[in-house]
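Chemist: Sequence first, then the predicted structure, then my questions.
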Amino acid sequence: MPARARVPLSERSTVFAVMCAVLLAVFNQLSGINVIMYYAADDLPAAGASADASMLQAVAVGATNMVFTIVAMFFIDRLGRKTLLLTGAVGMRFRWRALGCTTCAGLDDAPGRLFVVAHRVFAFSQGAVIWVFPRWIFPNKVRAKARRWAPSPTGS
């Protein structure tokens with residue numbers, strides 16, 4: 001059996017690809033989507049929604065995540081990863097702005113609806129691309145080794 005060649009992760013193109021993948025995962029986590037998923041039932045009553053409505057909206061957030069991630073799987077190659085990432089970044093920016101404005105204005109039911117809309121945008125764009133991007137960006141000779149580092153900021 002021939003000895004296995006060492007795969008250099010220190011090449012300039014490989015380092016750039018690893019940094020892009022890791023930074024994408026970091027920004028994915030910094031978008032705040034996990035706060036919406038895990039704490040919606042607690043945050044929505046604080047934003048003015050009733051306890052019953054907040055539980056229903058928390059379920060809606062989870063169902064929305066599943067449905068729109070599946071839909072994104074069918075569109076990711078047609079629309080392109082870059083298009084989905086840019087659409088998601090713009091959508092998340094407007095989502096946070098709208099969420100802040102409605103919370104400050106004291107609109108009772110709007111934050112729950114915006115949580116669901118935010119999850120649609122996220123699941124259709126960044127939520128789906130984060131798992132495809134590392135497999136696509138790395139050169140074949142370092143793909144297996146480099147893929148270990150890409151999802152590390154997501155806790156995977």
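Modeler: Noted; the coordinates are in hand. Note that this is a predicted model, so its numbers are computed, not measured.

Chemist: Give the helix, strand or coil label for the most centrally placed residue in the chain.
Modeler: Nearest to the mean C-alpha position of the chain, by Cα atoms, centre = their mean, lies G127 at 3.3 Å. When classified by DSSP: H, G, I helix; E, B strand; the rest coil, G127 comes out as helix.

Chemist: Work out for me the element the nearest residue to it once chain neighbours are set aside sits within.
Modeler: Leaving out its chain neighbours, the residue that sits closest to G127 by Cβ to Cβ, 6 or more residues apart in numbering is T69, at 5.8 Å. C-beta coordinates here come from the backbone N, C-alpha and C atoms, glycine included. According to DSSP states H and E, T69 maps onto helix 51-79.

Chemist: which other helices and strands contact that helix?
Modeler: Packed against helix 51-79 by the contact rule (3 or more Cβ pairs under 8 Å, 6 or more residues apart in numbering; DSSP states H and E) you find helix 33-46, helix 81-105, helix 110-124, helix 126-137.

Chemist: List the contacts of the least confident helix or strand in the chain by mean pLDDT.
Modeler: Least confident element among the helices and strands of the chain, by mean pLDDT, DSSP states H and E: helix 33-46 (a mean of 71). Residues from elsewhere that reach helix 33-46, judged by Cβ atoms under 8 Å, 6 or more residues apart in numbering: 51, 53-55, 57-58, 61-62, 65, 92, 111-112, 115, 118-119, 122, 126-127.

Chemist: circling back: quick one: the residue nearest to the centre of the chain from R95, how far?
Modeler: Noted for G127: a distance of 13 Å to R95, by Cβ to Cβ, to the nearest Å.

Chemist: How much space separates M66 from M37?
Modeler: Relative to M37, and taking Cβ to Cβ, M66 is found at 11 Å.

Chemist: ok, now P139?
Modeler: For P139, the distance to M37 - Cβ to Cβ - is 34 Å.

Chemist: Now do the same contact list for N65.
Modeler: Neighbours of N65 in contact, by Cβ under 8 Å, 6+ apart: M37, H119, F122, A123, G127.
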